[in-house]
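**Q** Give me the fold of what follows.
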Amino acid sequence: MSTVQCNCAAIGALGKLLTEDGTSPRTFDASSFRHEFLYETLGSERGLQESNAINGTLQPLFTSVRNKPYIPQGAIAMQASPIEFSRWIPRIFGAATGSDYVSNTLPEFDVIVYRENGIFRYTDAVVAQAVIRGKSGKTSESVEFIDLIVQLIAKSETITQEEDAAGDWPGTEPALGTTNAYAPYAFWESSLEVNNAEIEYDSFTMVVNNMVDYRLNNKQTPTCVRSMGRSIEIDFQLPFTCQAMGASLTLNTTALDTELNFNTTNMHTRFTFPKSRTVFYTPTIPGKTYVPLKMKIKPYATSSTVGLVQIAQDFAP
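**A** The predicted structure is shown next:
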């Protein structure tokens, strides 16, 4: 771990982030997951509350000020690689890759963040929402990696701020992965299939909302965090072609299989939505440029299909 720079502002370039699965209490060590990330917003807002009682003056007394309950929460943004999909898919859907269903129970895990001048630990976190997105670029400067953003809610936040104190940071920290499995998927390695026919698109955003709710009860931080339901929506921006128009019209009236795939050499991640429908949006002319077509796919379960998505993944670490 780097030396704490208490007399100077911490910089994000030296930040580190680890996660640990399993049963609580969890221990971070050299085998914990270490993540490359774009940014994170994990934290809490520890507000104050004051009494409105009458005390014979116009000023509130300092003794009337108490802390409020607070919710440790925030996002971690990454570039989606085969290895990051394998780590986060079970946390997002409650079931491992290769499973034909998703679970009704979300697994809990711990997160620890090294922010140079402090160590911050978040315990019993769950994924409240996940976003997978990508878009096409037109220039050599454009970044075309697939983004993976997870929004978490945790039960506690522990802060270690003493100079050079390790807190819960492991003495031997996990190394960053450097094999091909850690390389992010590029946008051009993604594909959409509607009823086994590939459809071209300019961008997509897939949102998995686990509709997480929490209970504070008589505690200062959450004691119970559970999913109240799950919805999946995938927004596509497509070029207005005859094939895209036909697929959009058909999905508006008929439930069909759709697949969102990510493929690179010896590595494959596939999301299959067995019964999908789409909102139909009439394509309109924005000007002299290409005419876009919007399609919002939403999968549904059936009596024989427990989950909204089937997930498969193969990769060579």
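
**Q** Can you tell me the strand partners of the longest strand belonging to the chain and which way each runs?
**A** Using DSSP state E, we find that the single longest strand of the chain is strand 119-135. Paired with strand 119-135 in the same sheet, following DSSP bridges, are strand 109-114 (antiparallel), strand 147-153 (antiparallel), strand 156-160 (antiparallel), strand 203-209 (antiparallel).

**Q** Show me what the last one is in contact with.
**A** The reference is to strand 203-209. Defining contact as Cβ atoms under 8 Å, 6 or more residues apart in numbering, one finds that strand 203-209 is touched by 92-93, 128-136, 190, 192, 230-237, 260, 271. Quick note: C-beta positions are derived from backbone N, CA and C, even for glycine.

**Q** change it to 6 Å
**A** 92, 129-133, 135, 231-237 (Cβ atoms under 6 Å, 6 or more residues apart in numbering).

**Q** Kindly report the same for the second one.
**A** With contact meaning Cβ under 6 Å, 6+ apart, strand 147-153 is reached by 73, 75-78, 80, 84, 125, 127-133, 212, 225.

**Q** Weed out the non-buried ones from the residues you listed.
**A** 73, 75-76, 78, 80, 84, 125, 127-133, 212, 225 (16 or more other Cβ atoms under 10 Å).

**Q** Closest one of those to residue 180?
**A** Distance to residue 180, by Cβ to Cβ, is smallest for residue 84 among these, at 13.1 Å.

**Q** Surely the closest one touches residue 76?
**A** No: with contact defined as Cβ atoms under 6 Å, residue 84 does not count as touching residue 76 (10.1 Å).

**Q** what about the helices in the stretch 201-317 of the chain?
**A** Secondary structure of the stretch 201-317 of the chain (DSSP state H, counting those that start in this stretch): helices located at 242-253.

**Q** Could you list the low-pLDDT ranges of it?
**A** 303-307, 317 (pLDDT under 70).

**Q** Centre of the protein to the edge, which residue is at the far end?
**A** residue 56 (51.7 Å; Cα atoms, centre = their mean).

**Q** SS state for that residue?
**A** Of the three states, residue 56 takes coil according to DSSP: H, G, I helix; E, B strand; the rest coil.

**Q** show me where the stretch 1-150 of the chain has strands.
**A** Per DSSP state E, counting those that start in this stretch, the stretch 1-150 of the chain has strands spanning 16-20, 33-34, 39-40, 48-50, 65-67, 73-79, 109-114, 119-135, 147-153. These are given in chain order.

**Q** Would you report the backbone torsion angles of the closest residue to residue 47 other than its chain neighbours?
**A** Leaving aside its sequence neighbours, residue 47 sits nearest to residue 68 (Cβ to Cβ, 6 or more residues apart in numbering; 4.2 Å). Main-chain dihedrals, residue 68, degrees, to the nearest 10: phi -90, psi 160.

**Q** Number of residues surrounding residue 68?
**A** 10 (other Cβ atoms under 10 Å).

**Q** Okay, it and residue 223: tell me how far apart.
**A** 16 Å (Cβ to Cβ, to the nearest Å).

**Q** Export stretch 109-129 to PDB, keeping only CA atoms.
**A** Taking C-alpha atoms only, stretch 109-129 is exported to PDB below (Å, rounded to 0.1, in the frame of the first residue of the first chain):
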ATOM      1  CA  PHE A 109     -20.300  -8.900  -0.400                       C
ATOM      2  CA  ASP A 110     -17.900  -6.300   1.000                       C
ATOM      3  CA  VAL A 111     -16.000  -3.500  -0.700                       C
ATOM      4  CA  ILE A 112     -12.900  -1.700   0.400                       C
ATOM      5  CA  VAL A 113     -11.600   1.500  -1.200                       C
ATOM      6  CA  TYR A 114      -8.100   2.900  -0.800                       C
ATOM      7  CA  ARG A 115      -8.400   6.700  -1.300                       C
ATOM      8  CA  GLU A 116      -4.700   7.400  -0.400                       C
ATOM      9  CA  ASN A 117      -5.500   9.400   2.800                       C
ATOM     10  CA  GLY A 118      -8.000   6.900   4.200                       C
ATOM     11  CA  ILE A 119      -9.400   3.400   4.000                       C
ATOM     12  CA  PHE A 120     -13.100   3.000   3.500                       C
ATOM     13  CA  ARG A 121     -14.900  -0.300   4.000                       C
ATOM     14  CA  TYR A 122     -18.500  -1.100   3.000                       C
ATOM     15  CA  THR A 123     -20.000  -4.300   4.400                       C
ATOM     16  CA  ASP A 124     -22.900  -6.500   3.300                       C
ATOM     17  CA  ALA A 125     -23.400  -4.600   0.000                       C
ATOM     18  CA  VAL A 126     -25.900  -5.600  -2.700                       C
ATOM     19  CA  VAL A 127     -26.300  -4.500  -6.300                       C
ATOM     20  CA  ALA A 128     -29.400  -2.300  -6.500                       C
ATOM     21  CA  GLN A 129     -29.000  -1.500 -10.200                       C
END
